[in-house]
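> predicted model follows, preceded by the sequence.
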Amino acid sequence: MAELAAAPHVWGGRARLLTWLQEYGVYASVLALLLFNVVFTPHFLEVANFRTQLIQVAPVVITSLGMALVIGTEGIDLSVGAVMALASAMVVLYLGYGAPVAIVAALIAGAAAGAAGGALVAYVGVQPIVATLALLVGVRGLANVLVPQLTEFRNPTLITLGSQSVLGLPLVVIIAAALTVLVAFLVKRTTFGRQLVAVGGNRAASRLSGLPVRRVLITVYIISGLLAAVAGVLATSRLQASDPTSLGLLMELSAITAVVVGGTPLTGGRVRVLGTVMGALLIQLLQATLIKHNLPQSWTQMVQAVIILAAVYAARGRRA
Amino acid sequence: KSEDSGDTPTPAGSAGQQVVQSAGATGPTCTLQSFGGQKFDLKKDVIGFSQSEKEANPFRIAETKSIKDEAAKLGIANLRVTNAQSQFSKQISDVQQLIAQGAKLLVIAPLNSDGWEPVLKQAAEKKIPIITIDRKINAQPCTDYLTFIGSDFYEQGKRAADQMVQALGGQGEVAILLGAPGNNVTTDRTKGFKDRIQEKAPGITISFEQTGEFTREKGQQVTEQLIQSRPGTKGIYAENDEMALGAVTALKGAGKSPSQVKIVSVDGTRAAVQGIVDGWLSAVVESNPRFGPLAFSTTQKFLDGEGIPATVIISDQEYTTANAKESLGNAY
Amino acid sequence: MTTTIADADAGTDARRRPGTLRRERIGHLVQHHGALMVLAVTVLLGAVAFDSFTTPQNAANIVVSSSFLAIVAIGMTFVIISGGIDLSVGSSFVLAGVLAAYGSRYGLLVALLLPLTVCGAIGLLQGLIVARTGMAPFIVTLAGLLGMRGLMLAVSGEGANTYLVQNGAFSALGQTSLLGLTVPVWITLGLVLLGGVLLQRTAFGQNVYAIGGSEEAAVLMGVPVTRVKVIVYLMSGLLAGLAGALNAARLSSGVTILGAGMELDVIAAVVIGGTLLTGGAGGLTGTMAGVLLLGVIQSLINQIGVLTSSFQQVVSGAFLALVVVTQRILHRAQRLS
Amino acid sequence: MATAVLEARGISKGFPGVLALDDVSFRLDAGQVHALVGENGAGKSTLIKVLTGVYRPDRGTLLLRDEPVTFDNPLAAQRAGISTIYQEVNLVPQMSLAHNLLLGREPRSRLGVIDTTQLYAEAERVMTRYGIRTDVRRPLRSLGMGTQQMVALARAVSIEARVVIMDEPTSALEPREVDTLFGVIADLRSEGISVIYVSHRLDELYRICDRVTVLRDGRVAHDGPLDELARVELVALMLGRDPAEIRRDGATRFTGEHTTTAGEPLVEARSVSRRPVLRDVSVQVRPGEVVGLGGLLGAGRSETAKAIAGALPVDAGTVTVAGQQVRRGSPAAAIRAGVSLVPEDRKAEGIVPTLSVRDNIALAALPQMSRSGVVSDARIDRIVDSFMRRLRIKAASPYQKVSELSGGNQQKVLLARSLATGAKVLLLDEPTRGIDVGAKAEVQALIDELAAEGLGVLLISSDLEELVEGADRVVVLRDGAVAGELSGDQVTEEAIMATIAATGETDG
Ligand SMILES: Nc1ncnc2c1ncn2[C@@H]1O[C@H](COP(=O)(O)OP(=O)(O)OP(=O)(O)O)[C@@H](O)[C@H]1O
Ligand SMILES: Nc1ncnc2c1ncn2[C@@H]1O[C@H](COP(=O)(O)OP(=O)(O)OP(=O)(O)O)[C@@H](O)[C@H]1O
Ligand SMILES: [Mg+2]
Ligand SMILES: [Mg+2]
């Protein structure tokens, strides 16, 4: 076995570039898009613009974090969008008892929905995609049963949550950043985080090594539900209304895309937290760019398709 | 297309009840005889109602409620209601199932104007009259279906344009918040608006059209992008009230004051009309969802042997700063 | 070649107690026909509960409206067995409908070939990307979903134009009845048989199973992995295109608002049918049972009648969960006994 | 000189961080059995993968009968007449034995579709020839590793080929199957077919190989006829050490003598049953004792180990550790009680391929290496470092992905994982499978050392020599039941074979 230095010819320019791209493809894509906008989009380099993008991306980032954990265990959670809606419904339902109670109720509902999906996956052995698909249908229906139509509210605390800034930074963005740090810590520094990726990497081996496989699985889905609920609460407070019919619609696809674009493989065994955040930013910037340049919907979708492919291609796993 | 059939809108009846605007005076009418159907008992026989979207927005809620309430009032015992949850294929099979359950009359709120062939065929075999509400079916009245009761979306777009021209004084950049892509309503409301602007106010340029998918959240997000990158925008035409209200939230969030950007929308929900009162919206063109009374009275007439016109266009109201406060009670 | 033939019984796996094999066979049966059993029970319950459920017309309605989903599900079954997934089928379906309706003005042939060519080409492209670059099928076909929907909007003037079918022969293809069932149903049946033979009885089918079971092993065993994968996505695109075209013939128009969320229904049907998303196992009989099960559930919910639209969703979510749980429990019961 | 059937000239192949092959030339002549040997990670498998189109070499050329060729994929190599058994059994677990065996060559009926009846009959026929009688419709994964290996072998040999490459074909085989295999190889040679044979079992090489190429650290260290090379010299070439030094150390490192404390058994399995694989199996291991489990393929050795480790649900029976009953069916409980299993199927049940060497070693011991759920990297580093050193795990760094290690080093990582839990009893299922002579000796010495420290070891090995020299006591299983127990001087290869064959069944 020769050391790195002994083999410059195999470990030279092209390979290095490829690895760099694989590690940092999503960062490069975000940077490229930023540059494009700086040059071609009027009013792009304004504080207000960055505020808008960050505020809009915050709920996506938060759900994507949960999704990244689930995908790390070789699972998938299609129910996140519906859980956002459920959380939103709970918020207005319990707003009578004050904002804190309402928020806690929403979070509990999110965790419960996650637990339901997680139980199906971990204890019954249902495939994640179907388990959470059932949840997607049912939970959105439930949210609608609870709050049959868009309901506005005037609770100042809740509205503040969505519009307040601290030291010039929107509260929503601070929350998203804090949760990112928390999840990164969870993945990198805790036993749970290590066990999670091991379960995703090889479940049989994890079981034989005495890992609490089922507990890890159900916990991951609970966290995903919880984070989706947080995103739901924030989105609700920003909308100043609860709209269970459309809140979080297709969020699952955005979140999955963010995770994968960020370099976490769908085959599990690996979680990239910062990459996920970058993935979400890439999608947000892309959409903003297309809107700002007023492209027709048909173009918007086709361009999105191409850019997502390109970004994932750049970030894809190396093959033998 | 029934265009400009009535120039002066009839004043709205009490509590937002639908009023017939044009009775298709020119076209031929349809009678039980010419349709070739069997007489049935509205009160005892199975009556089917197929709703297209979840009853989760004011329009659909009011629409379904109006049908159900009227049925209850008239003592219709066997009303079967289905909901296609916005899936067109599901609506087709829903209606087919209603036919299989022995429905004698079908009231349909179609999700789409085209693609009704299989349903029309089955209904025609059994001579079941179909009344479509709020959206038209592209087929032959009196043979394929009985009649259409509803608004004229193209016309709504034109009227919204009139309001916009008035609000802006014929000058300025306007953005459109489009409805869901691929939807007839979106298409007609866009076309009507653009045609009228071109015809009446060359000083107005439409600089931005993006879909807000008929939802408040999307309306808000798109508007946030819009006002940041195109500060020169003077007016926003939202193709439904929800998107308009989303736009209002965005404007508030950006620290704008009321009526800095003029907003015109279509639907006439209570929240939107309240928006006019509060000064955030300039005008709302109504699209009246209360089809129950008109649908069943038309059926009764049909059963009684009267002639039914091919289209029953209802008159939609308009809410402006002038009448919003008084008319708030009419909004749904 | 003469080799030492070791004693027949020693040193082998043959020593199992009688009954083992039989139990394994039964287990196999339950695993592969779990969906069929659940379907039978559901139909039975429906028949007992609602009079109008078992009328021939209702049954025919369910079969006819399921047939389009079924055609798409055939392709999806191949894709999933090969260890992939195809999210683009809903977009293919709607795009094909629009293209077929548009093409119908140039005759029956164009009405069929135009959508098949376009959807086939895109399927092929997706297959090439998946097989050549090793990118996750989920993402590649998600891009396909977006791209094809964009293409559909572009073709139909941002959804403003609905093309009407202008060819009698083509409409007839979607609407004519033979022995009480429409042509698409017969086409579906034919395709299921054909697909079944292809999957179980040809080298290609075996290769699909091998790739899904272990791609690495398949490569080393000399399976032409790239080619098989490409064909599988091509098939999925073609079948979704065919279903879309037939549906356009049935509806006599290229409806632009179809197909959203269809991919999830199709995947659900395939998975309920016992095909594993991890690949390597499954079959078409199960998939067909899954498709019908979805249709029956929908029909039953309509029969209940009193539910509000939101409650209908809750019930169908719960139903779906119940079905997969039942199937899992059946599957497990036989394994642990 | 006769033309070479297959030749590699100046091949180099690198992976990030390592140069696995460095200017390797290799020549295979017709009708020869050519041994390819070297330590774990020397580059044997990589060379084979280059020869068969799995990897493209960075440099160098391949020649097939003196014509330059490039193989784009294994299929191309197969078409050119090269048939290969890769190191880790590479078959499709979910497919039936028959379909695996005949994939790509399924018998057709007149209609051109696969004739299933004939497929199963043909498979049955082939497997019987290799001494395997089992239901060929069963999915492959339900069969033991040994049987799977025989299927891979049968598959490779029954493809019309001019070259058959075997990468450690015997590592999961019993002496009886090894004999079968050698019969096959002899036939191949007599038909003029060339064989490349990789194995860490030196006896085997001397029994059948004509020529040997020794690889060391990705370079060719020696190439020549095998019979001119003494065993010790061969080992010395592989390890790059002085022959004299090797001679001193002996063949296996087992001392064979443990001071078993006569006390309570550390772990005791009582009448463990699981239909249809285990019947009333009882085993005890005392502190400081190495207990061997003997038996043929599918005798239930792996199942016994798994049952004790809580990884296999049992129908009846108990497992006690130090007198305390362990919760059934929970590997976690077993590990907490101090029982740890090193599974035989490294790939499926052992390594977590996405994780680094370090994380793989620390995996089972995570709870011990963290405080209130937060892991202590310092503690992990210390443990990982000490085990990597002690087991001499060859990796570019602790952060290298475990899937990039050679098979033998992966095995050491799994051993380290078990040891890191602080286990009192180790259940080692084929611990030296696929391990080179050097490492094997190390592992064997380690087993001794651990036993000396008072650990109990349950050792499963298909290598009878290893079993005899390493174990104090051997429990022989047949058909999932205990057929006999040998201890002390009774433990000999002959006695074990006799016990296996005891019930009067004729032996071949
Ligand atoms: N896919 C890969 N990625 C990175 N490194 C690899 C890969 N495959 C092999 N290596 C490295 O190449 C070297 C040679 O490995 P190879 O598998 O050829 O060894 P080997 O001689 O077959 O060993 P063993 O006897 O253990 O099977 C090792 O250092 C290994 O870590
Ligand atoms: N999941 C399973 N279902 C049915 N039979 C199984 C299953 N797993 C293993 N077997 C069978 O149980 C028997 C015992 O297997 P086991 O792996 O314990 O044997 P072994 O003595 O370790 O042999 P090997 O050397 O092949 O590992 C074998 O015949 C095997 O094929
Ligand atoms: Mg090797
Ligand atoms: Mg074994």
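That came in fine, so what should we check first? Ligands and ions are numbered 1, 2, ... in the order given.
> which positions in chain D make contact with ligand 4?
With Cβ under 5 Å from the ion as the criterion, chain D meets ligand 4 at residues D:Ser302, D:Glu344. (Each C-beta comes from the backbone N, C-alpha and C, glycine too.)
> show me the contacts for the most centrally placed residue in chain A.
What sits nearest the mean C-alpha location of chain A, by Cα atoms, centre = their mean, is A:Ser64, with 0.8 Å. Listed by Cβ atoms under 8 Å, 6 or more residues apart in numbering or on different chains, the contact partners of A:Ser64 are A:Ser254, A:Ala255, A:Ala258, A:Val259, A:Gly262, A:Thr276, A:Val277, A:Gly279, A:Ala280.
> for ligand 2, what's its nearest residue on chain A.
Minimum separation of chain A from ligand 2 (Cβ to the nearest ligand atom) falls at A:Ala204, amounting to 12.0 Å.
> next, the residue lying closest to that residue once chain neighbours are set aside: phi, psi?
Of all residues not flanking A:Ala204 in the chain, D:Glu349 sits nearest, at 4.6 Å (Cβ to Cβ, 6 or more residues apart in numbering or on different chains). Dihedral pair for D:Glu349: phi -120, psi 0, per degrees, to the nearest 10.
> so where's chain C uncertain?
Along chain C, the parts satisfying pLDDT under 70 run over C:1-32, C:305-306, C:331-337.
> geometric centre of it: which residue is closest?
Centre-most residue of chain C, counting by Cα atoms, centre = their mean: C:Ala73, 1.0 Å.
> any part of the helix or strand harbouring A:Val173 near chain D?
Assigned by DSSP states H and E, A:Val173 belongs to helix A:171-189. Yes: using Cβ under 8 Å from any Cβ of the partner chain, helix A:171-189 reaches chain D at A:Arg189.
> and the next helix or strand after that helix, how far out from the chain middle?
As assigned by DSSP H and E, the chain's next helix or strand after helix A:171-189 is helix A:191-201. Counting by Cα atoms, centre = their mean, to the nearest Å, helix A:191-201 is centred 19 Å from the centre of its parent chain.
> now do stretch C:234-253
13 Å.
> is it positioned near chain A?
No: Stretch C:234-253 lies apart from chain A when judged by Cβ under 8 Å from any Cβ; the minimum separation is 14.9 Å.
> which sections of the stretch 1-150 of chain B are below the confidence cut-off?
For the stretch 1-150 of chain B, the ranges with pLDDT under 70 are B:1-28.
> tell me which stretches of it form strands.
Taking DSSP state E, counting those that start in this stretch as the criterion, the stretch 1-150 of chain B contains strands spanning B:19-22, B:29-30, B:46-51, B:78-83, B:105-108, B:130-133, B:147-150.
> okay, those strands in a markdown table with mean neighbour count and distance to C:Ala218 next?
Formatted as a markdown table, the strands of the stretch 1-150 of chain B follow (neighbours: other Cβ atoms under 10 Å in any protein chain shown; distance: least, Cβ to Cβ, whole Å):
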| stretch | mean neighbour count | distance to C:Ala218 |
| --- | --- | --- |
| strand B:19-22 | 18 | 68 |
| strand B:29-30 | 19 | 65 |
| strand B:46-51 | 24 | 49 |
| strand B:78-83 | 22 | 46 |
| strand B:105-108 | 26 | 51 |
| strand B:130-133 | 26 | 54 |
| strand B:147-150 | 24 | 58 |
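> to chain C, which of the ones you listed lies closest?
Counting by Cβ to the nearest Cβ, chain C lies closest to strand B:78-83 out of the strands of the stretch 1-150 of chain B; the figure is 3.8 Å.
> nearest spatial neighbour of residue 80, chain-adjacent residues omitted?
With no chain named, the answer covers chain A. Nearest to A:Val80 is A:Ala228, by Cβ to Cβ, 6+ apart, at 4.1 Å.
> actually chain D
Looking at D:Ala80 with Cβ to Cβ, 6+ apart, the closest residue is D:Leu64, at 5.8 Å.
> list the contacts of residue 122.
Because you didn't say which chain, this covers chain A. Applying Cβ under 8 Å, 6+ apart, the residues near A:Ala122 are A:Val213, A:Arg214, A:Arg215, A:Leu217, A:Ile218, A:Tyr221.
> actually chain D
Taking Cβ under 8 Å, 6+ apart as the test, what D:Glu122 contacts is D:Ala98, D:Leu102, D:Pro107.
> how about D:Leu103?
Residues in contact with D:Leu103 (Cβ under 8 Å, 6+ apart) are C:Gln206, C:Asn207, C:Ala210, C:Met221, C:Val223, D:Val92, D:Met95, D:Arg155.
> can you redo those as TSV with distance to ligand 1, neighbour count and secondary structure?
What follows is the contacts of D:Leu103, written out as TSV (distance: Cβ to the nearest ligand atom, whole Å; neighbours: other Cβ atoms under 10 Å in any protein chain shown; DSSP: H, G, I helix; E, B strand; the rest coil):
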residue	distance to ligand 1	neighbour count	secondary structure
C:Gln206	28	24	helix
C:Asn207	24	24	helix
C:Ala210	22	28	helix
C:Met221	19	26	coil
C:Val223	20	25	coil
D:Val92	21	26	coil
D:Met95	25	24	coil
D:Arg155	20	20	helix
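> give the buried residues for stretch B:217-232.
Across stretch B:217-232, burial judged by 16 or more other Cβ atoms under 10 Å in any protein chain shown covers B:217-230.
> cool, and stretch D:65-84?
Under 16+ other Cβ under 10 Å, the buried positions of stretch D:65-84 are D:69, D:71, D:73-78, D:80-84.
> straight-line length of that stretch, end to end?
Start-to-end span of stretch D:65-84 (Cα to Cα, to the nearest Å) is 18 Å.
> now swap in stretch D:77-91 and tell me
17 Å.
> doesn't C:Gln57 make contact with B:Gly102?
No: under the criterion of Cβ atoms under 8 Å, B:Gly102 makes no contact with C:Gln57, lying 9.6 Å away.
> okay, strands next: where are they in the stretch 51-200 of chain A?
Using DSSP E, counting those that start in this stretch, the strands of the stretch 51-200 of chain A run over A:151-152, A:165-166, A:169-170.
> just tell me which of those strands ends up closest to ligand 4.
strand A:169-170 (59.7 Å; Cβ to the ion).
> partners of the closest one in the sheet?
strand A:165-166 (antiparallel) (DSSP bridges).
> what's the nearest residue to A:Gly138 if we skip its chain neighbours?
Of all residues not flanking A:Gly138 in the chain, C:Gly317 sits nearest, at 2.2 Å (Cβ to Cβ, 6+ apart).
> what's the helix or strand for C:Tyr209?
Following DSSP H and E, one finds C:Tyr209 within helix C:203-213.
> and that helix, does that touch chain A?
No: interface with chain A: helix C:203-213 contributes nothing (Cβ under 8 Å from any Cβ), its closest point being 13.5 Å away.
> helix, strand or coil for the residue positioned nearest the centre of chain D?
In chain D, the residue lying closest to the centroid (Cα atoms, centre = their mean) is D:Arg433, at 3.1 Å. Using DSSP: H, G, I helix; E, B strand; the rest coil, the secondary structure recorded for D:Arg433 is coil.
> pretty sure it contacts D:Glu344?
Yes: counting by Cβ under 8 Å, D:Arg433 does reach D:Glu344; the two are 6.8 Å apart.
> any shared contact partners between those two?
D:Ala172.
> most neighbours among the contacts of A:Ala122, which one is it?
A:Tyr221 (31 neighbours; other Cβ atoms under 10 Å in any protein chain shown).
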